[in-house]
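> generate a structure from the sequence data that follows.
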Amino acid sequence: MTDLIEIDYQALTFMIVGAFGLVGFFRGWWKEAITTGLLTLLLLMLKVPDVASRIVETVDGVVNAVWDLIQSLSQSSDFVASAVEVGPPPDVDPQRYWVYVIALVVLVIASYLIGKSGLTQYGLSPAARLLGAIFGFYNGFVAVSLVREFVIGRFLPGASEVAATAAPPSTVTVQVMDLPTSSIADGPASFILIVIGFLLLIAALAGGWSRKNLKMSRRTPWGYSPPPKKKDEIAELLKKLSSAS
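Purely as a prediction, here's the structure:
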């Protein structure tokens with residue numbers, strides 16, 4: 001049995017752009033600007049195939065060097081050889097679209113990690129949130145457009161000038177290979193997943209809220225750190241301690 005998977009590109013674009021915009025609203029303009037800069041690097045690689053080819057070939061050389069090092073260690077040590085099975089290195093070909101899709105995912109994750117290690121969310125002004133949402137919308141649009149062009153391959157290294165100047169196709173057929181015959185909704189195992197999901201939801205609600213005298217109050221869940229106290233609260237606490245002593 002074979003089914004044709006039809007994806008509405010505009011609807012998918014709206015969903016992804018909306019998700020990026022919502023995340024940008026909570027992250028602020030500074031963190032979204034980092035994502036914009038990294039996506040611009042991929043846009044440059046798309047526009048200048050020679051740059052993309054050089055960067056991907058450099059990455060391929062690094063991967064092969066690391067693979068050769070692991071293979072040499074496995075040959076020199078029986079313990080490493082038994083623990084690590086070294087096969088042929090992955091072929092990082094600049095003419096394959098999946099290389100750039102993986103690069104896109106890695107750069108987006110890297111931008112979020114860089115932004116998370118920088119400014120905190122406390123004191124984020126409405127203007128910073130609004131600009132973050134605008135930048136998020138832009139980043140989502142660029143990300144979807146990059147994936148589209150990577151899959152079509154008009155601007156990838158090795159593509160002819162005729163293909164680059166030609167109009168992109170209006171429809172693309174999506175073919176999924178080796179699709180498993182079993183589904184998450186098959187059999188009694190789905191009820192186990194449903195029970196686990198509801199138990200996790202109850203645990204999250206119980207861990208984030210507490211009830212005292214018929215009043216609900218927020219509390220810090222297990223594994224999370226409470227937000228830092230303001231300076232005036234710390235000063236009042238020091239005053240109370242000094243007066244008590």
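
> pull out the buried positions in stretch 153-168.
Of all the residues in stretch 153-168, those buried under the rule 16 or more other CB atoms under 10 Å are G153, R154, F155, L156, P157. Where you see a C-beta, it was placed from the backbone N, CA and C, and this is true even at glycine.

> distance check, S182 against D3.
In this structure, S182 and D3 are 16 Å apart, going by CB to CB, to the nearest Å.

> ok, A204 next?
A204 sits 36 Å away from D3, taking CB to CB as the criterion.

> compare the two (neighbour count), which wins?
Just comparing A204 and D3: by other CB atoms under 10 Å the higher neighbour count belongs to A204, 11 against 7.

> beyond the lowest-mean-pLDDT helix or strand in the chain, next helix or strand please.
One helix or strand of the chain scores below all others by mean pLDDT, DSSP states H and E: helix 78-83, with a mean of 57. Per DSSP states H and E, helix 78-83 leads on to helix 97-116 as the next helix or strand towards the C-terminus.

> what packs against that next one?
Secondary-structure packing of helix 97-116 (3 or more CB pairs under 8 Å, 6 or more residues apart in numbering; DSSP states H and E): helix 29-47, helix 126-152.

> if I look at A128, how far off is D68?
Between A128 and D68 the distance, using CB to CB, works out to 47 Å.

> try L42
28 Å.

> give me the more crowded residue out of these two.
L42 (21 against 12).

> who's in contact with the more buried one?
If you count contacts by CB atoms under 8 Å, 6 or more residues apart in numbering, L42 has them with Y100, A103, L104, L107, L146.

> between these, which sits nearest N64?
Closest approach to N64 among those (CB to CB): A103, at 17.4 Å.

> how close does the closest one get to A185?
The value you get for A103 to A185, if CB to CB is used, is 34 Å.

> residue contacts, the spatially most central residue of the chain?
If you average the C-alpha coordinates of the chain and look for the closest C-alpha using CA atoms, centre = their mean, you land on I109, 4.2 Å from that point. I109 makes contact with no residue, according to CB under 8 Å, 6+ apart.

> what does the pLDDT read for it?
In the predicted model, I109 carries a pLDDT score of 90.

> any figure for the gap between it and L179?
If you measure I109 against L179 using CB to CB, the figure is 27 Å.

> then V142?
Here the criterion is CB to CB. By it, V142 lies 30 Å from L179.

> tell me the secondary structure for M177?
Using DSSP: H, G, I helix; E, B strand; the rest coil, the three-state assignment for M177 comes out as coil.

> number of residues surrounding it?
When counting by other CB under 10 Å, one arrives at 4 neighbours for M177.

> the one 5 residues further on now?
Look at S182: counted by other CB under 10 Å, it has 8 neighbours.

> next, M216: phi, psi?
For M216, the backbone dihedrals are phi -90, psi 140 (criterion: degrees, to the nearest 10).

> so it makes contact with G208?
No: counting by CB atoms under 8 Å, no contact exists between M216 and G208, whose distance comes to 10.2 Å.

> quick one: which of the two has more around it?
Neighbour tally, M216 and G208, criterion other CB under 10 Å: the higher count belongs to G208, 13 against 8.

> give me the pLDDT for S217.
With respect to pLDDT, S217 has a value of 77.
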